[in-house]
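# Prediction below, plus the sequence it came from.
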Amino acid sequence: MIKLNHISKSFDSLQVLKDISFEIKDSEIVSITGASGAGKTTLLNIMGTLDKADEGELLINGRDVTKLNDKDLSRFRNEEIGFVFQFHYLLAEFNALENAIMPALIYGKDKKEAEAKARELFETLGIADKEKNFPNELSGGEQQRVAIARALINSPALILADEPTGNLDSKNAKALFDLFFVLREKFHQTFVIVTHANNLSALCDRQLVISDGKIIE
């Protein structure tokens with residue numbers, strides 16, 4: 001699903017990523033851990049095409065995304081990649097269902113089709129009764145589940161999550177990780193999760209540890 005070949009990235013004189021190469025298989029759930037400042041989020045942003053490497057090659061689902069122009073890259077990102085962040089970034093003026101279908105509407109899908117897909121996801125995520133609630137009427141865990149539904153709405157092949165449990169208590173954090181495995185079984189997607197939580201990281205199929213800009217494990 002993902003192949004990185006000799007990826008390097010610097011910000012001014014600081015080299016954040018140093019000649020990183022690895023592969024992630026289709027439907028695999030992989031965690032990326034490491035100390036603050038090790039380069040985890042930078043690596044995830046490059047994998048998500050939100051940032052570009054200075055050197056190296058990135059293939060997603062067999063496609064070399066480093067060769068796409070900005071327009072094609074934006075479309076590829078919307079179709080193939082879903083993002084889940086620590087801060088869910090739900091829009092306060094829209095209810096849960098409206099927030100979830102936003103990427104589908106941007107993609108040009110029919111609204112009723114998008115709503116049907118969102119309701120299916122809400123059912124799987126255990127928030128079927130929350131579709132009309134606004135973000136301020138939802139708990140932190142419920143807001144994060146709406147954000148996950150939004151990430152899945154276009155049926156992307158790849159889900160990238162950056163500290164998705166960072167604002168949740170331990171019970172809700174474990175429940176969220178368990179959901180990733182439920183979603184993998186149902187929709188056959190690949191998950192890459194940046195996390196500081198080693199106990200949750202250990203649940204993944206594989207753990208990558210980044211230190212001083214390099215993958216050490």
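Yes, it's here.
# so how far is Gly213 from the closest residue in space to Thr190 that isn't next to it in sequence?
In space, and not counting its chain neighbours, Thr190 is closest to Met1: 4.4 Å by Cβ to Cβ, 6 or more residues apart in numbering. Where C-beta positions appear, they are placed from N, C-alpha and C, glycine not excepted. In this view, Met1 and Gly213 are 23 Å apart by Cβ to Cβ, to the nearest Å.
# can you check Leu43 too?
9 Å.
# Over to Asn154?
Distance of Asn154 to Gly213, given as Cβ to Cβ: 32 Å.
# Kindly report the same for Ala151.
Distance check for Ala151 against Gly213: by Cβ to Cβ, it reads 27 Å.
# do the same with Pro156
Taken as Cβ to Cβ, the span from Pro156 to Gly213 is 28 Å.
# do Gly166 as well
Relative to Gly213, and taking Cβ to Cβ, Gly166 is found at 22 Å.
# So for these two, which sits in the more crowded spot?
Between Gly166 and Gly213, counting by other Cβ atoms under 10 Å, Gly213 is the more crowded of the two (21 against 15).
# wait, that one sits on Gly39?
Yes - taking contacts as Cβ atoms under 8 Å, Gly213 lies within contact range of Gly39: 5.0 Å.
# shared neighbours, those two?
Both Gly213 and Gly39 are in contact with Val16, Leu17, where contact means Cβ atoms under 8 Å, 6 or more residues apart in numbering.
# Flag every buried residue along the strand or helix carrying Asp178.
Secondary structure from DSSP states H and E places Asp178 in helix 170-187. Under the neighbour-count criterion of 16 or more other Cβ atoms under 10 Å, helix 170-187 has Asn172, Ala173, Lys174, Ala175, Leu176, Phe177, Leu179, Phe180, Leu183, Arg184 buried.
# ok, residues contacting the next helix or strand after that helix?
Downstream of helix 170-187, the first helix or strand assigned by DSSP H and E is strand 190-194. The contact list for strand 190-194 (Cβ under 8 Å, 6+ apart) reads 1-2, 24-33, 40-41, 44, 47, 157-164, 180, 183-184, 201, 204.
# per-residue pLDDT, Gln86?
Looking at Gln86, its pLDDT is 69.
# same deal with Phe134?
We have a pLDDT of 95 for Phe134.
# Identify the spatial nearest neighbour of it, chain neighbours not counted.
Asn95 (5.3 Å).
# Glu142 contacts Lys130, doesn't it?
Yes - contact criterion Cβ under 8 Å: Glu142 and Lys130 qualify, at 5.8 Å.
# any shared contact partners between the two?
Counting by Cβ under 8 Å, 6+ apart, the shared contacts of Glu142 and Lys130 are Ala96.
# about what we covered before: now the buried residues of helix 170-187 in a markdown table, with pLDDT and distance to Gly56?
As requested, those are exported to a markdown table (pLDDT from 0 to 100; distance: Cβ to Cβ, whole Å):
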| residue | pLDDT | distance to Gly56 |
| --- | --- | --- |
| Asn172 | 75 | 36 |
| Ala173 | 80 | 32 |
| Lys174 | 82 | 35 |
| Ala175 | 80 | 36 |
| Leu176 | 79 | 31 |
| Phe177 | 82 | 30 |
| Leu179 | 82 | 32 |
| Phe180 | 85 | 27 |
| Leu183 | 83 | 29 |
| Arg184 | 88 | 27 |
